[in-house]
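Trainee: Structure here, sequence nowhere to be found:
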């Protein structure tokens, strides 16, 4: 196999290095899968290594299937004799052969998430644990984390005896594992946990796999957790023919257990390791790669490497600082339309919108529908298809139309009110008997003989809650009604108190729904709940298009890993969003956020846009964030400020002397969560009559939404709205450190920046 002509110099070196430990640092777009497949083909064809002696481990079934197909295309069906599989699939094969040594039968069952939850609930019931104090999801999450850290139930119990809550979880963990074994079952995390246990405590079995697997390869090594790391270390024998491939700069899964030190410390684990860096990028234009390099070099926890390309420099990165988040979404829509019309051969599927949080998709979905741009949500649901949004919308639908039985069934026990399926069925039977809707039946709950006193009490509380919401609907706005629902039902509090990581994004989604309602109230002539519901129904009536259809991709950066697109829009690039607020005060989290930014930049092949907004709506309130620190880490000669607000944007992104932007404060937040204040002329230090007479008329022309201003007392802020108040111009300003203040323009000591 002529590898020298098939691969570049570094790729070839990695492919022909077969004996001993090898670390392949594969930068973004450097062709790592190509290297791995040719390395395997070289081992089989040129070195006559038996395929059955090679173990290649990937993270996903898709990656394993792709690698197997590519190896088969090079060496033929003989490739079927080697193990190319995920961590979990490899462990299942080992356990099917050897698990009897651990006291299980070889025909063990693998429990899915539904089975796991059912068993956890049994354990909670047996231990008399109230699901209002500890949810099954929280307990499962803790047990999963423990198994990934190779912490046994006994050890977990010992470590947490002094913590009441964690001790309860430890009790469930002990009973849960006992019941799993009694059922001859393993959960997903057990597959690796038990395989490690088996190999550690059975020398003969370990020796068998040492003799079987002479060569081991692991892809995406930067994403391994402790259990996976230990498994690989056990399988490597004294020959130490271990090859790992990965990129520490793309380790973005710490929140689910990935430990970047596994790849950073590879040379400590294997002192004789050879390191090959794949730095030739085949994906992106030079300008994009240089920007990625400049951002990631600010991380301290990384291996030194520098991506390069033989492609031309390409266009500069376009920076757009929008006035509002709506302006940002419309800018992206217009740019896509412009590029599509420019006859450059672009299709909709050549564009990707990358954001940090799923909740950010909503305003782009709305803009795309308005501009008739087809889109799909990659790795997630459309905004109005998400469970938490459908739950709140069901409340609104029932408030608007009490005859809606579907809406009532969805939320009568959400959050949980001890109204189970059997109770709902009894209400349904009563409703059918009197030929009324379900809600009417709940109003007559005292006359349903099949219900217990406890049932009737729970239903009466629900009816009282709904009647209150229906009365509120006549008095308050849609956004205020939504806030009342999420507060009075305890829906938001339940999510905020949850220990599950995914519930953080659900909170953000609900806040985004409130913002959507506020925007509806601002723009719609008819501000009724009925009109709001109609707009949502009409706007979200189309199904998700098939992946093969020509559509723009919208996704989180996490979902975009491994993908590439000719044109990428990185949106919401502001301190507090990307990076998130927690990252700004935590150096370790900041480094992970920077790696996430690096992944986002390197998804772009030809053109990259980075956008942010002066003002955006969060939980129904306008707030302002400074541009992301990551933007300032890119050299000025690699980026270009565009858009109608170019002069304003220059002031935001650069110092007046033309130097690079400063680092912003640890929060970077312009608006605090305190309520808006009216500030009188006396309390703010009003100008004298003479000063008022000298106010430039230009002040009124320049005091537009989005403009930066400086107040003599409150400091720098951003104008977020203007209005007429009895002949005076009233401006609402989000000050960096003083929250939102309402000032009379002619009387306030303001300077336009």
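Mentor: Structure's in. What do you need? Fair warning: this is a prediction, and the values are worked out from it, not measured in the lab.
Trainee: ok, so what distance separates the residue nearest the centre of the chain from residue 256?
Mentor: By C-alpha atoms, centre = their mean, the mean C-alpha position of the chain lies nearest to residue 357, the distance being 4.8 Å. From residue 357 across to residue 256, the span is 16 Å (C-beta to C-beta, to the nearest Å). (Each C-beta comes from the backbone N, C-alpha and C, glycine too.)
Trainee: If we ignore the residues flanking it in sequence, what's nearest residue 14?
Mentor: Spatial nearest neighbour of residue 14, chain neighbours left out: residue 276 (4.3 Å); criterion: C-beta to C-beta, 6 or more residues apart in numbering.
Trainee: part of a strand, is that neighbour?
Mentor: Yes: assigned with DSSP: H, G, I helix; E, B strand; the rest coil, residue 276 falls within a strand.
Trainee: list the buried ones in stretch 64-79?
Mentor: 64, 67-68, 70-72, 74-75, 79 (16 or more other C-beta atoms under 10 Å).
Trainee: who's in contact with the helix or strand residue 243 falls within?
Mentor: Using DSSP states H and E, residue 243 maps to strand 242-246. By C-beta atoms under 8 Å, 6 or more residues apart in numbering, the surrounding residues in contact with strand 242-246 are 17, 21-26, 32, 35-36, 39, 215-223, 232, 236, 263, 266, 270.
Trainee: chain center to stretch 13-23: distance?
Mentor: 35 Å (C-alpha atoms, centre = their mean, to the nearest Å).
Trainee: now stretch 480-493
Mentor: With C-alpha atoms, centre = their mean, you get 24 Å for stretch 480-493.
Trainee: What lies in contact with that stretch?
Mentor: The list of residues contacting stretch 480-493 from outside it, by C-beta under 8 Å, 6+ apart, reads 388, 391-392, 395-396, 399, 414-415, 465, 468-469, 472-473, 476, 507, 510, 513-514, 517, 529, 620.
Trainee: Let's verify residue 607: helix, strand, or coil?
Mentor: When classified by three-state DSSP, residue 607 comes out as strand.
Trainee: Quick check: chain neighbours aside, which residue is closest to it?
Mentor: Counting by C-beta to C-beta, 6+ apart, residue 607 lies nearest to residue 567, which is 4.5 Å off, once chain neighbours are set aside.
Trainee: Any chance of a PyMOL selection covering the buried ones in the contacts of strand 242-246?
Mentor: To isolate the buried members of those in PyMOL, using 16+ other C-beta under 10 Å:
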select buried, resi 21+22+23+24+25+26+32+35+36+39+215+216+217+218+219+220+221+222+223+232+236+263+266+270
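Trainee: got a list of what the residue nearest to the centre of the chain touches?
Mentor: Under the criterion of C-beta under 8 Å, 6+ apart, the contact list for residue 357 reads 505, 508, 556, 572, 577.
Trainee: State the pair within those that is farthest apart.
Mentor: 505 and 572 (13.9 Å; C-beta to C-beta).
Trainee: Mind checking which of the two has more residues around it?
Mentor: residue 572 (25 against 17; other C-beta atoms under 10 Å).
Trainee: ok so that one is a helix residue?
Mentor: No: using three-state DSSP, the assignment for residue 572 is coil, not a helix.
Trainee: pLDDT wise, what is the residue nearest to the centre of the chain at?
Mentor: Listed pLDDT for residue 357 reads 90.
Trainee: So which residues of the stretch 51-200 of the chain form strands?
Mentor: Here the stretch 51-200 of the chain has its strands, by DSSP state E, counting those that start in this stretch, at 54-58, 83-86, 109-111, 185-187.
Trainee: same question but for the stretch 301-450 of the chain, I mixed them up
Mentor: Going by DSSP E, counting those that start in this stretch, the stretch 301-450 of the chain shows strands at 317-324, 351-355, 375-377.
Trainee: ok, and which of these has the densest surroundings?
Mentor: Mean neighbour count (mean count of other C-beta atoms under 10 Å) peaks for strand 351-355 among the strands of the stretch 301-450 of the chain, with a mean of 26.
Trainee: Within its sheet, name the partner strands of that strand and how each one runs.
Mentor: On the basis of DSSP bridges, the sheet neighbours of strand 351-355 come out as strand 552-556 (parallel), strand 565-570 (parallel).
Trainee: In a helix, residue 743, correct?
Mentor: No: applying three-state DSSP, one finds residue 743 to be strand, outside a helix.
Trainee: Now do it against residue 324, distance only.
Mentor: Separation of residue 743 from residue 324 (C-beta to C-beta): 20 Å.
Trainee: Low-confidence stretches in this structure?
Mentor: 114, 380-381, 501, 534, 537-548, 644-701, 705-706, 720-721, 725-726, 734-740 (pLDDT under 70).
Trainee: Check whether residue 82 really touches residue 43, as I assumed.
Mentor: No: counting by C-beta atoms under 8 Å, residue 82 sits too far from residue 43 to count as a contact (9.5 Å).
Trainee: any shared contact partners between those two?
Mentor: Contact criterion C-beta under 8 Å, 6+ apart; residues shared by residue 82 and residue 43: residue 54.
Trainee: Just put the strands of the stretch 301-450 of the chain in JSON lines and tack on distance to residue 140.
Mentor: As requested, the strands of the stretch 301-450 of the chain are exported to JSON lines (distance: least, C-beta to C-beta, whole Å):
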{"stretch": "strand 317-324", "distance to residue 140": "41"}
{"stretch": "strand 351-355", "distance to residue 140": "28"}
{"stretch": "strand 375-377", "distance to residue 140": "26"}
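Trainee: if we can go back for a sec, any idea how far the residue nearest to the centre of the chain is from residue 572?
Mentor: Distance, residue 357 to residue 572, using C-beta to C-beta: 8 Å.
Trainee: do the same with residue 502
Mentor: 19 Å.
Trainee: Then residue 304?
Mentor: Note on residue 304: its distance to residue 572, by C-beta to C-beta, is 30 Å.
Trainee: swap in residue 17?
Mentor: Counting by C-beta to C-beta, the gap from residue 17 to residue 572 is 43 Å.
Trainee: returning to that earlier point: make a ChimeraX selection of the buried ones in the contacts of stretch 480-493.
Mentor: Here is the ChimeraX command that selects the buried residues among the contacts of stretch 480-493 (16+ other C-beta under 10 Å):
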select :388,391,392,395,396,399,414,469,473,507,510,513,514,517,529,620
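Trainee: Among the contacts of stretch 480-493, name the ones in helices.
Mentor: When DSSP state H defines the helices, the subset of the contacts of stretch 480-493 inside them is 388, 391-392, 395-396, 399, 465, 468-469, 472-473, 507, 510, 513-514, 517, 529.
Trainee: Name the residues that touch stretch 39-53?
Mentor: Contacting residues not belonging to stretch 39-53 are listed as 1, 3, 14-16, 18, 54, 56, 71, 74-75, 78-83, 212-215, 217, 243 [C-beta under 8 Å, 6+ apart].
Trainee: Give me the distance between it and the centre of its chain.
Mentor: Remark: stretch 39-53 is offset 40 Å from the chain centroid, using C-alpha atoms, centre = their mean.
Trainee: ok, now stretch 120-136?
Mentor: Centroid displacement of stretch 120-136 relative to its chain, using C-alpha atoms, centre = their mean, is 29 Å.
Trainee: How far does that stretch stretch from one end to the other?
Mentor: In stretch 120-136, first residue to last residue: 6 Å (C-alpha to C-alpha, to the nearest Å).
Trainee: what does stretch 347-361 give?
Mentor: End-to-end distance of stretch 347-361 (C-alpha to C-alpha): 21 Å.
Trainee: likewise stretch 231-244?
Mentor: From its first residue to its last, stretch 231-244 covers 13 Å (C-alpha to C-alpha).
Trainee: Repeat that for stretch 13-24.
Mentor: Length of stretch 13-24, first residue to last, C-alpha to C-alpha: 10 Å.
Trainee: now swap in stretch 208-222 and tell me
Mentor: Criterion C-alpha to C-alpha; first-to-last residue distance in stretch 208-222 is 28 Å.
Trainee: hang on, residue 23 in a strand?
Mentor: Yes: the assignment for residue 23 is a strand, going by three-state DSSP.
Trainee: I'd like the distance between it and residue 264.
Mentor: Distance from residue 23 to residue 264, by C-beta to C-beta: 10 Å.
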